[in-house]
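A.B. asks: Compute the structure for the input listed below.
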Amino acid sequence: IVSAFLFLANFGLVKNKWYNVDDYATILARVYGLSRRTKQCLTGEQLNLSISYDSTLRNVVDLNENDFGIYRRTRGGKEKKSKGSRKYLFLCTPGEKPPLPAPGTKWCDEIVDLKADWDIGVSL
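C.D. replies: As a prediction, this is how the structure comes out:
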């Protein structure tokens, strides 16, 4: 997971932007040529669980600063673990951190939606 995210962080199309975990699952599937069949496709929930279980990321991805440049935030729902909440990821160069929001705005105002016809133009 860490290697895949660090690879993606080098592309301007996804670097320094907040996307929800479902969008990052789509990005990873397209870049790495993973199956798009419904039963075998990578989902945002699986991606989030992978991050949570990864011994390298699980203790740092939710911090405001880390050495990986991979950040996760939760938005929505009264509690972070409520069903209405959504997870978002931000990738940047290792050692960097997400920029502070402009005055009067929140980090979630910077969320980007992945376009349906999105294609990074790179595959492995």
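A.B. asks: residue boundaries of the helices in this structure?
C.D. replies: Listed in chain order, the helices of the chain (DSSP state H) span 2-8, 21-31, 44-53.
A.B. asks: Please enumerate residues in contact with the helix-or-strand element of the chain with minimal mean pLDDT?
C.D. replies: None of the helices or strands of the chain scores lower by mean pLDDT, DSSP states H and E than helix 2-8, at a mean of 80. For helix 2-8, contacts defined as Cβ atoms under 8 Å, 6 or more residues apart in numbering pick out 14-15, 24, 27-28, 31-32, 54, 56-57, 68-70, 89, 91, 94. Bear in mind the C-beta positions are built from the backbone N, C-alpha and C, glycine included.
A.B. asks: what's the closest of those to residue 76?
C.D. replies: residue 89 (15.2 Å; Cβ to Cβ).
A.B. asks: Dig out what the closest one forms beta bridges with.
C.D. replies: Applying DSSP bridges to residue 89 gives these bridge partners: residue 19, residue 72.
A.B. asks: For residue 69, see how far away it is.
C.D. replies: Using Cβ to Cβ, to the nearest Å, residue 89 is found at 11 Å from residue 69.
A.B. asks: of these two, who's got more company?
C.D. replies: residue 89 (24 against 20; other Cβ atoms under 10 Å).
A.B. asks: ok, the more buried one - contacts?
C.D. replies: Applying Cβ under 8 Å, 6+ apart, the residues near residue 89 are 5, 18-21, 24, 70-72.
A.B. asks: same question, residue 75
C.D. replies: By Cβ under 8 Å, 6+ apart, residue 75 lies in contact with 85-86, 88, 108, 111.
A.B. asks: The same query, at a cut-off of 6 Å, please.
C.D. replies: Counting by Cβ atoms under 6 Å, 6 or more residues apart in numbering, residue 75 makes contact with 86, 108.
A.B. asks: Check what pLDDT it gets.
C.D. replies: Residue 75 is assigned 89 on the pLDDT scale.
A.B. asks: now residue 14, nearest residue through space, not along the chain?
C.D. replies: In space, and not counting its chain neighbours, residue 14 is closest to residue 8: 5.3 Å by Cβ to Cβ, 6 or more residues apart in numbering.
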